[in-house]
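> sequence and predicted model, in that order:
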Amino acid sequence: MSLQKAFLLLMAIAISFTSNAQQILPEKERAQVVDEVLADRFNDLLPKLMDRTGIDMWVIISREYNEDPVLKTMLPATWLNARRRTILVFYRDKENDAIEKLAVARYDFGDNIISAWNKEEQPDQWKRLVELIEERDPKVIGLNHSEHFNIADGLVKTDHEEFIQHLPTTYQDRIVSAESLAVAWIETRTDSEMKLYEGLVVITKQIIQEAFSNAVIEVGKTTTSDVEWWMRDKVTQLGLETWFHPTVDVQRTAEKLVGHLYSFSGRPEDEVILPGDLLHCDFGITYLRLNTDCQQLAYVLRPNEKEPPSFLVDALAKGNQLQDILTSNYMTGRTGNEILLKSLEEAKQQGLRPSIYTHPLGSYGHSAGPTIGMWDAQQGVPGDGDYPLFPNTVYAIELNTTVHVSEWKRDIRVMLEEAGFYGENGFRYVNGRQTSLLVLSN
């Protein structure tokens, strides 16, 4: 299957979703799409990233069932794990504008990376790796170790020690952390991936819309846990996966606002959904090696109500206002902490009570790149918060603003999360954002 065919099918899936005519790609066709995307990333994207980060040889070492997080994103579609010890070598020959993709392994690493080790000719895998290095004589050798980015810290102690034991002293002085390259590889999205992403976000939101509907919720009987497990079942029935268990919580007039953590841990598990409830969910899917992460709000009409009360409509608008403030501060080169603090300051100046905890999104749900606040770190995040913003990256625009509702005699928290793309032309949402409450009849 071509990528173009896959894009068209994904959009058809999105259009047909509400008619219960969902179709997700069969495994064989998913594999074809994944491998085509990988080929594009290896051949077009990776050379640019190696040039940008100044690393002309990237060595990734991993073992079966203990895979480096970066290597996991490079696995051929038919490989679910590494095999034995797998060593990948990427060499950027800038003079000839070429990139070599080699596997110091007994097999080709799928169609994109060829095996460069014949065990009959050289029985020792480490010695073969050294031969490849000496033949190319790289100036900078990147290894995956990092203090602040877990995803870029995949080289385990044993493999590192064995590699250093075999590597001539001449080359040991050329070793650097590949953190900048590993993060760039994980965070950067290609045009083909972004076309796929649009369909993923549509599917995610349509599952939420169905979950927050009277087709799923019987008001006065269905519980928040029932909805959570319905979402899990829906994902399974569609042949998809989710990277975290969905959460559904309630805010209502008779209760006080509790801590932020309540929405994700410690809340009642079987809270019955009632008229007048403001529902909130956190939900995401994994498909074609991309992840979504979305939070939306719904209102359960009271008897004789035909639309949500204006005070909740206005509260959602304040959430959208905070989104606008944050995304207007996306600028290449700004760090996550700079974006966070500037946005919080502007929001407070506009009379909002904000909290911002936006994270990179893509190959992983909580991915690598600039962290823009955490819910319990609103003064900035050392390390990954100091990483700068680059174009062609995706973020879960995750935040909330606290709003006082005099009609309920309490504060409520408007929690939102949408997939957003930052590119050469600035910021845009991958596929729109919530600007009106979902509505259930009572």
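Everything's here; your move. Numbering: from 1, shown residues only.
> low-confidence regions, the stretch 51-200 of the chain specifically.
Flagging of the stretch 51-200 of the chain using pLDDT under 70 yields the residue ranges 81.
> hey, where'd the strands end up in the stretch 1-150 of the chain?
Along the stretch 1-150 of the chain, the stretches classed as strands by DSSP state E, counting those that start in this stretch are 57-63, 85-93, 98-104, 114-115, 141-143.
> looking at the ones you listed, spot the one closest to Thr222.
Thr222 lies closest to strand 57-63 among these, at 44.8 Å (Cβ to Cβ). For glycine as for every other residue, the C-beta is placed from the backbone atoms N, C-alpha and C.
> what's in contact with that closest one?
With contact meaning Cβ atoms under 8 Å, 6 or more residues apart in numbering, strand 57-63 is reached by 50, 68, 70-71, 74, 82, 84-92, 129, 133, 136, 138, 140-144, 154-156, 159-160, 163, 178, 181.
> hmm, try it at 6 Å
Outside of strand 57-63, the residues within contact range by Cβ atoms under 6 Å, 6 or more residues apart in numbering are 68, 71, 82, 85-91, 138, 141-143, 159, 178, 181.
> same question for stretch 420-433.
Against stretch 420-433 from outside (Cβ under 6 Å, 6+ apart): 197-198, 201-202, 327, 330, 391-395, 397, 418-419.
> kindly report the same for stretch 115-128.
With Cβ under 6 Å, 6+ apart as the criterion, stretch 115-128 contacts 102-105, 107-108, 166.
> now the residue nearest to Glu147 when sequence neighbours are not counted: phi and psi?
Distance criterion Cβ to Cβ, 6 or more residues apart in numbering; nearest residue to Glu147, sequence neighbours excluded, is Gly383 at 6.7 Å. Main-chain dihedrals, Gly383, degrees, to the nearest 10: phi 90, psi -100.
> please apply the same query to Ala368.
In terms of degrees, to the nearest 10, the main-chain angles of Ala368 are phi -90, psi 150.
> shouldn't it be in contact with Val183?
Yes - the criterion here is Cβ atoms under 6 Å, and Ala368 meets it with Val183 at 4.4 Å.
> hey, where'd the helices end up in the stretch 151-300 of the chain?
Secondary structure of the stretch 151-300 of the chain (DSSP state H, counting those that start in this stretch): helices located at 157-166, 169-172, 179-187, 191-211, 224-237.
> packed most tightly, which of those helices would that be?
With neighbours defined as mean count of other Cβ atoms under 10 Å, these peak in mean count at helix 179-187, which reaches a mean of 24.
> tally of neighbours for Asp411?
Around Asp411 there are 13 other residues, counting by other Cβ atoms under 10 Å.
> what comes up buried for the helix or strand hosting it?
Per DSSP states H and E: Asp411 is located in strand 410-423. Using 16 or more other Cβ atoms under 10 Å as the test for burial, strand 410-423 gives 412-423.
> and for stretch 272-290?
So, applying 16+ other Cβ under 10 Å, buried residues of stretch 272-290: 273, 275-290.
> list every C-alpha atom in that stretch, with coordinates, as CSV.
Output of stretch 272-290 as CSV, limited to C-alpha atoms (Å, rounded to 0.1, in the frame of the first residue of the first chain):
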residue,chain,number,x,y,z
VAL,A,272,-22.7,7.8,38.7
ILE,A,273,-23.1,10.5,36.0
LEU,A,274,-26.0,12.8,36.8
PRO,A,275,-27.9,15.8,35.2
GLY,A,276,-25.9,19.0,35.5
ASP,A,277,-22.5,17.3,35.6
LEU,A,278,-19.5,18.7,33.8
LEU,A,279,-17.6,15.7,32.4
HIS,A,280,-13.9,15.6,31.6
CYS,A,281,-11.9,12.9,30.0
ASP,A,282,-8.2,12.2,29.2
PHE,A,283,-7.8,9.8,26.3
GLY,A,284,-5.3,8.8,23.5
ILE,A,285,-4.6,6.1,21.0
THR,A,286,-1.5,4.5,19.4
TYR,A,287,-1.6,3.7,15.7
LEU,A,288,1.0,3.5,13.0
ARG,A,289,3.6,4.3,15.6
LEU,A,290,2.1,7.7,16.5
